[in-house]
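**Q** Quick one: sequence plus predicted model below, questions after.
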Amino acid sequence: MMWIKRIAVPLCGFGVGLFTLAGCGETSGSSTLTIEATGAVEGLVYRDLNGNGLADAQDEPADGVPVQLLTWGSGAVVAETESDGDGRFTFTNAPVGTYQVGVGFNDLGDTLQVVDLDSTALVIPADSMATAVFGVSYKIFTVEEARQLPVGTPLFIEAVALAGPLTWADRSGHFREDDFAIRATGMAIDALFPGDTVRLRGRTGTTAGQPVIADGKAYVLAGFSSSPLPLSVSTAEAAGARGGAIDADLVRIQSGVVADTFRIDGDLVATVNDGSGILEIVLDKDVAWLDNVAPGATFGFAIGLLVPVEGSSLWQLKPRTRFDISVSP
């Protein structure tokens, strides 16, 4: 399939539009029409960084995008070029005729798509410069699909935020779509709140053996409406993330007794058991917590995100604020 921009150029006459190609001429005193004029096409390819399908201030020029000038109807290639470092391309000395400007899927690869390309045919006057603007953007995948993609795949997902990059110092975020969640690492520092519906851009990676979206950047599509509900689980289920099926998701445990506490890199870690098995709850050093988390204390409840432990088959529960936990001596 080819994405195209149509350019219709008459032998004589004039028209208006974005694209302009050369006109026509005829020999004096003869019934033979000779087409001598040529024109040019210039254009700009932008990288649609926020995935909205429009050129705006948040986007940037896209270099190295293969662009073709094709004859109308047959699709024969008249000329080929690539966008330069400023995203610009030019076709010069194009004969009068009807054309298409297109980009083939094979040239873009499996993760890019063309956006904002007007396919309306335009009638153009002679001896003028045509102008085209279109974008390339990453494809949107579901969270379930994103968890299965090869490492390094650039993408967008659209999901509900469970935690944003301002929650903890490591700039991670968590996002849920339907029954699947995923963690984003190294996120841009933007205000993002649980319940926000976002379009998240990044590339796939792995951390502690689990899929993540690296170098994430979130664009809010709809502001906070209601806080996402956590999944109710036992401490054993949380520690195993149900075999990884609820990795990165928001969960809630009830009535766990603190068996021990220790610190790692300033974070307070409490080992908790509701009778089903041990779960580590990590109280991040950058969050103001209650001061009564100690051996023998009881969590009335604890809500948090499941984060896998490097070099282990276990997960830790990481609350977001002090209001995610209730502890009694």
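**A** In hand now; what should we look at? Numbering: from 1, shown residues only.
**Q** where along the protein do the helices fall?
**A** With helices called from DSSP state H, the chain shows them at 105-108, 143-146, 235-240.
**Q** would you list these in TSV and tack on mean pLDDT?
**A** Below are the helices of the chain laid out as TSV (pLDDT from 0 to 100):
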stretch	mean pLDDT
helix 105-108	68
helix 143-146	98
helix 235-240	98
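**Q** Packed most tightly, which of the ones you listed would that be?
**A** Greatest average neighbour count among the helices of the chain goes to helix 235-240 (a mean of 23), per mean count of other C-beta atoms under 10 Å. To be clear about C-beta, it is placed using only N, CA and C from the backbone, and glycine gets the same treatment.
**Q** Using CSV, write out every CA atom in that one.
**A** Extracted C-alpha coordinates of helix 235-240, given in CSV (Å, rounded to 0.1, in the frame of the first residue of the first chain):
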residue,chain,number,x,y,z
THR,A,235,0.8,-11.2,49.6
ALA,A,236,1.9,-14.4,47.9
GLU,A,237,0.1,-13.4,44.7
ALA,A,238,1.6,-10.0,44.8
ALA,A,239,5.1,-11.4,45.3
GLY,A,240,4.7,-13.6,42.2
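**Q** So which other helices or strands are in contact with that helix?
**A** For helix 235-240, the elements it packs on are strand 250-264, strand 278-283, strand 315-318, judged by 3 or more C-beta pairs under 8 Å, 6 or more residues apart in numbering; DSSP states H and E.
**Q** that older thread, would a markdown table of the helices of the chain with distance to residue 183 be doable?
**A** Listed next are the helices of the chain as a markdown table, based on distance: least, C-beta to C-beta, whole Å:
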| stretch | distance to residue 183 |
| --- | --- |
| helix 105-108 | 28 |
| helix 143-146 | 11 |
| helix 235-240 | 15 |
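**Q** Nearest approach to residue 163 belongs to which of those?
**A** Proximity of these to residue 163 was assessed by C-beta to C-beta; the nearest stretch is helix 143-146, lying at 14.7 Å.
**Q** what comes into contact with that closest one?
**A** When contacts are taken as C-beta atoms under 8 Å, 6 or more residues apart in numbering, the neighbours of helix 143-146 outside the stretch itself are 155, 157, 159, 175-182, 204, 211, 213.
**Q** How many residues are close by residue 319?
**A** Taking other C-beta atoms under 10 Å as the neighbour definition, residue 319 ends up with a count of 21.
**Q** Wait, it touches residue 307, no?
**A** No - because the distance of 11.1 Å does not satisfy C-beta atoms under 8 Å, residue 319 is recorded as not touching residue 307.
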